[in-house]
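1. Build me a structure from this.
(one chain, ligands or ions: 2)
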Amino acid sequence: LQRAAYGQRHEEARTRDGHRIEVGANLGDTAHAADAVERGAEGVGLLRTEFVFMAHSQMPDLATQIAEYGEAFDALAGRPLVARTLDVGGDKPLAYWPMPKEDNPFLGVRGIRLTLTRPEVFELQLRALLTAAKSRPVRIMFPMVKDIEEFRAGKALFDRVQAEVKAPDVQLGVMIEVPSCALLAPTLAKEVDFFSIGTNDLTQYTLAIDRGHPMLSAQSDALHPSVLQLIRMTVEAAHAEGRWVGVCGELGSDPLAIPVLVGLGVDELSVSSRSVPMVKARIRGLTLTQARELAALALRQPTAAAVREALEAV
Ligand code: PEP
Ligand code: MG
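-> Ligands and ions are numbered 1, 2, ... in the order given. Down below sits the predicted model:
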């Protein structure tokens, strides 16, 4: 089966009844973009741009950033790339960016909260992304957004940069990582072009379990019915406004979760490059009707363990 999956890695992933799911790759640096394409990724669903900032001892300038992002666009040869703006702060410090000491860094100044404090850094990154993309398809999303106000603040900076570099229209999205955003998805979907669900952080904030906690890792399961409910709400709200939804957290490559996510209506899965052939093969083995039944079954369970047990039994 693995060999068959690998052999078909460059073909689209459609369920047996013809429903297409896009499968992209998550990248932590641009040097691996060519490898992602080779493994069958249809694009990059999450570029974690932190690497550009963490690899340097001072803020990377425009030319450095353009060169780094440009490498990914070249390797993708016209396939779409979703770039997440800088997601540091809290537990991910940058030596050259003094940050306040916080008692609860995961609940502190991180993600878009941090970049909004330095608009010149935010704008420089947006300028670099748009310049590197040239006319190739780029989509940009903001991390750790909690409501429309943060999205609007980011978009205002984006609009200024876009006008300045005369870039063509770009889809602007938010990551759904904070439960607040899933609850408010109907409002967000009116203004945001797409959602990408970061199940790693969404699980952390929904279950109130530190995602790296050594004693609680067994309980930190993204297949928890509460997380699935938030995904369901997000997808319904997005589709009501004609927006697309991806999943870029690790849940997207969990073999038991793939049918559930398809059944919940997710349009795209972005996973580590090495998982792309398996994820596509798994989608091809399903029908949308089956997937919807599995999603409904999962949503009825009281705990993550019960979800896993119920899905395994089928
Ligand atoms: C997530 O939170 O699920 C996610 C994809 O972002 P990161 O793992 O980089 O925090
Ligand atoms: Mg995250």
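2. Report the buried residues of the helix or strand that contains residue 125.
-> Under the criterion of DSSP states H and E, residue 125 resides in helix 119-133. In terms of neighbour count (16 or more other Cβ atoms under 10 Å), helix 119-133 has its buried residues at 121-133. Every C-beta, even on glycine, is put in place using the N, C-alpha and C of the backbone.
3. With ligand 1 as the reference, measure out to whatever residue of the stretch 51-200 of the chain ends up closest to ligand 2.
-> Nearest residue of the stretch 51-200 of the chain to ligand 2 (Cβ to the ion) works out as residue 198 at 4.0 Å. Remark: distance between residue 198 and ligand 1 (Cβ to the nearest ligand atom, to the nearest Å) = 3 Å.
4. is it true that that residue touches residue 143?
-> Yes - with contact defined as Cβ atoms under 8 Å, residue 198 reaches residue 143; the gap is 7.3 Å.
5. ok, back up a step: which residue sits closest to the residue of the stretch 51-200 of the chain closest to ligand 2 in space, ignoring its chain neighbours?
-> Nearest residue to residue 198, sequence neighbours excluded (Cβ to Cβ, 6 or more residues apart in numbering): residue 177, at 4.0 Å.
6. who's in contact with that neighbour?
-> With contacts defined as Cβ atoms under 8 Å, 6 or more residues apart in numbering, the neighbours of residue 177 are 111, 143, 144, 145, 197, 198, 200, 201, 202, 205.
7. Looking at those residues, which is nearest residue 250?
-> Of all the contacts of residue 177, the one sitting nearest residue 250 is residue 200; the distance, using Cβ to Cβ, is 5.8 Å.
8. That closest one: which element?
-> Here residue 200, judged by DSSP H and E, is contained in helix 199-207.
9. next one: residue 283
-> Counting by DSSP H and E, residue 283 is found in helix 276-284.
10. Please work out how many residues are found near residue 39.
-> Other residues lying near residue 39 total 19 when counted by other Cβ atoms under 10 Å.
11. I'd say it and residue 273 touch.
-> Yes - look at residue 39 against residue 273 with Cβ under 8 Å: they come within range, at 4.7 Å.
12. what are the pairing partners of whatever helix or strand comes next after the helix holding residue 125, and which direction each?
-> Moving toward the C-terminus from helix 119-133, the next helix or strand (DSSP H and E) is strand 138-142. Sheet partners assigned to strand 138-142 using DSSP bridges are listed as strand 81-84 (parallel), strand 171-176 (parallel).
13. Would you format the ones you listed as TSV with mean pLDDT included?
-> Below are those laid out as TSV (pLDDT from 0 to 100):
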stretch	mean pLDDT
strand 81-84	98
strand 171-176	98
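14. For these, could you give me CSV that also reports mean neighbour count and distance to ligand 2?
-> Converted to CSV, these look like this (neighbours: other Cβ atoms under 10 Å; distance: least, Cβ to the ion, whole Å):
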stretch, mean neighbour count, distance to ligand 2
strand 81-84, 26, 9
strand 171-176, 25, 6
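15. so what's residue 82 up against?
-> Contacts of residue 82 (Cβ under 8 Å, 6+ apart): 24, 43-47, 138-141, 173, 196, 246, 248, 270.
16. distance of it from ligand 1?
-> Relative to ligand 1, residue 82 is positioned 11 Å away (Cβ to the nearest ligand atom).
17. so the helix holding residue 125 versus strand 138-142, what angle?
-> For helix 119-133 against strand 138-142, the angle between stretch directions is 160 degrees (axes from the mean of the first three to the mean of the last three Cα atoms, to 10 degrees).
18. Quick one: list the elements packing against helix 119-133.
-> Counting contacts by 3 or more Cβ pairs under 8 Å, 6 or more residues apart in numbering; DSSP states H and E, helix 119-133 is packed against helix 62-76, helix 112-115, strand 138-142, helix 148-165.
19. repeat that with 6 Å
-> helix 62-76, helix 148-165 (3 or more Cβ pairs under 6 Å, 6 or more residues apart in numbering; DSSP states H and E).
20. With only the CA atoms kept, save stretch 263-280 in CSV.
-> The C-alpha coordinates for stretch 263-280 follow below in CSV (Å, rounded to 0.1, in the frame of the first residue of the first chain):
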residue,chain,number,x,y,z
GLY,A,263,-16.4,14.7,6.7
LEU,A,264,-16.4,18.0,8.5
GLY,A,265,-15.9,19.7,5.1
VAL,A,266,-12.3,20.8,5.3
ASP,A,267,-11.1,21.8,1.8
GLU,A,268,-7.3,21.5,2.3
LEU,A,269,-4.9,19.5,4.4
SER,A,270,-1.4,20.8,4.9
VAL,A,271,1.0,18.2,6.4
SER,A,272,4.7,17.5,6.7
SER,A,273,6.1,16.6,3.3
ARG,A,274,6.8,13.0,4.1
SER,A,275,3.1,12.5,5.0
VAL,A,276,1.7,13.8,1.7
PRO,A,277,1.5,10.5,-0.2
MET,A,278,-0.2,8.8,2.8
VAL,A,279,-2.7,11.6,3.3
LYS,A,280,-3.6,11.5,-0.4
